[in-house]
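Undergrad: sequence plus predicted model, see below.
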Amino acid sequence: MGETIRAERSRNAAALLSTTGALLLGVGLGALAGARLGSTAWLVAGIGLVAHLSGMVSARRLQQDAGHRFARWESWGYWACWVLIVLGVIAALWRSLAGEGF
């Protein structure tokens, strides 16, 4: 395995660890501050969603521009994330419009 591939995999692993840590930190802080954030929870979630989508699309474009050929599982994961986000937004809107709340 070439040094370039190892370096790229190391960067990807570090980015995954960082992202996972940020997610867990966010979930933990949200749980701790849930009652206090109440009315701003949707705003925080929306900002997080936009940030995630922007990062996801930008990272993929940068990789494509660098000539990266995505493995089948990488493409499936990318599109599965989009599908889950769309389904989550639809479910949130459905519950919100039905007055069920969360």
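TA: That came through, no problem.
Undergrad: after the worst-scoring helix or strand of the chain on mean pLDDT comes which helix or strand?
TA: Using mean pLDDT, DSSP states H and E, helix 34-37 stands out as the lowest-scoring helix or strand of the chain, at a mean of 74. Per DSSP states H and E, the first helix or strand lying C-terminal to helix 34-37 is helix 41-65.
Undergrad: now that following helix: average pLDDT?
TA: The average pLDDT for helix 41-65 rounds to 83.
Undergrad: in contact with the residue most central in space within the chain: list those residues for me.
TA: Nearest to the mean C-alpha position of the chain, counting by C-alpha atoms, centre = their mean, stands His52 at 4.3 Å. Going by C-beta atoms under 8 Å, 6 or more residues apart in numbering, His52 touches no other residue. For every residue, glycine as well, the C-beta is placed using N, CA and C.
Undergrad: which helices and strands does the helix or strand where Trp76 lies pack with?
TA: Element membership of Trp76, judged by DSSP H and E, is helix 72-97. Applying 3 or more C-beta pairs under 8 Å, 6 or more residues apart in numbering; DSSP states H and E, one finds that helix 72-97 contacts helix 41-65.
Undergrad: outline the domain layout of this protein.
TA: Split into domains by automatic domain parsing, the chain comes to 1-32, 38-102.
Undergrad: for these, which has the smallest mean pLDDT value?
TA: For these, where the average pLDDT is lowest is domain 1-32, sitting at a mean of 78.
Undergrad: ok so, going back, so how far is the least confident helix or strand of the chain from its chain's centroid?
TA: Chain-centre distance of helix 34-37: 22 Å, with C-alpha atoms, centre = their mean, to the nearest Å.
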